[in-house]
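1. predicted model follows, preceded by the sequence.
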Amino acid sequence: MEGLILFILALLPVIILGYYTYSKDDEKEPKKLLIELFLGGLLSAILTVVLSLLVRVVFPMFAGEVAYFGPIKLLIYTFVVVAFIEELCKFIILYLISYHNKEYDQLYDMVVYAVFVALGFAWIENLLYVYEGGLTIALTRLVFAVPTHASVAVFMGYYLSLSKLSELYKKEKLRRKYLLYSILIPTLLHGVYDFIAYSSNLVFIYLLFLFSCYLFWKANRRLVQMSKVEKSLLVKEEKQEKSNEDDIEII
């Protein structure tokens, strides 16, 4: 019975956040594609495990107990060994499945794609942590970890979408910049979250809550910003058709 409860708690935030993200999309994405992205997220989790083990073999200094890491070592570990590898693996799957996908036709689409990859990753990660740590870990991850994965994914989808649009309008420098941002920004945000989470201090628990709230707030602001950029692009596209202007700037 306890195993079933833990399974439900591991799955519940994934279902809630997946449904919420899907419901906000005006033009619904094909369910087959979303399932593919979710399964891709599971694959990215496996890839993360492989790369993380490889890093620990090459750099044995990161193979010990995290609780005994000093501040500098913990900083490198959380930002590089954990955050960067996880976000890179999710990015690879997201890029391969969605960047050139014919279903992509709105800025928000890439956010949906990114969130579903992140939720696939979060679900398999959740199962591993929950069955090892029990009910307390399940409730903690329900409040903190899974929403953080989804919030960080909003940034990845946001910048990857802008990269795609920059390519469409032949803005190569912008395309490369936003492509870099789509990995760099999620890594930085994820790294801050992990650094706080791995720091064994009661004060950091409150900081973790505040930072999770901040991420959620920033992710929603990005969604609003995305809507404004989309409207701006539509207006500029209409003007270009009328006046044959060559330069379209993405703000």
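-> Yep, it's here.
2. residue ranges in the chain under the pLDDT threshold?
-> Applying pLDDT under 70 to the chain flags the ranges 1-2, 132-133, 136-138, 142-143, 200, 202, 227-251.
3. where do the helices sit along it?
-> Along the chain, the stretches classed as helices by DSSP state H are 2-23, 31-58, 71-76, 85-98, 107-133, 135-143, 145-168, 172-198, 202-243.
4. same list, the ones you listed, but as CSV with distance to G64 and mean neighbour count please.
-> C-beta here means a position set from N, CA and C on the backbone, and glycine is covered the same way. Below are the helices of the chain laid out as CSV (distance: least, CB to CB, whole Å; neighbours: other CB atoms under 10 Å):
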stretch, distance to G64, mean neighbour count
helix 2-23, 27, 15
helix 31-58, 9, 16
helix 71-76, 9, 13
helix 85-98, 18, 22
helix 107-133, 18, 23
helix 135-143, 21, 16
helix 145-168, 23, 24
helix 172-198, 13, 19
helix 202-243, 20, 14
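5. let's have the ones you listed in CSV, adding distance to E65.
-> As requested, those are exported to CSV (distance: least, CB to CB, whole Å):
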stretch, distance to E65
helix 2-23, 24
helix 31-58, 12
helix 71-76, 11
helix 85-98, 19
helix 107-133, 15
helix 135-143, 17
helix 145-168, 20
helix 172-198, 11
helix 202-243, 18
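6. tell me the contacts of the most centrally placed residue in the chain?
-> By CA atoms, centre = their mean, the chain has its centre lying nearest to A153, at 2.2 Å. A153 makes contact with 90, 111, 114-115, 117-119, 186, according to CB atoms under 8 Å, 6 or more residues apart in numbering.
7. between the residues you listed, which sits nearest F79?
-> Lowest distance from F79 to those (CB to CB) belongs to P186, with 11.7 Å.
8. was I right about the closest one contacting F155?
-> Yes: using CB atoms under 8 Å, P186 makes contact with F155 at a distance of 5.2 Å.
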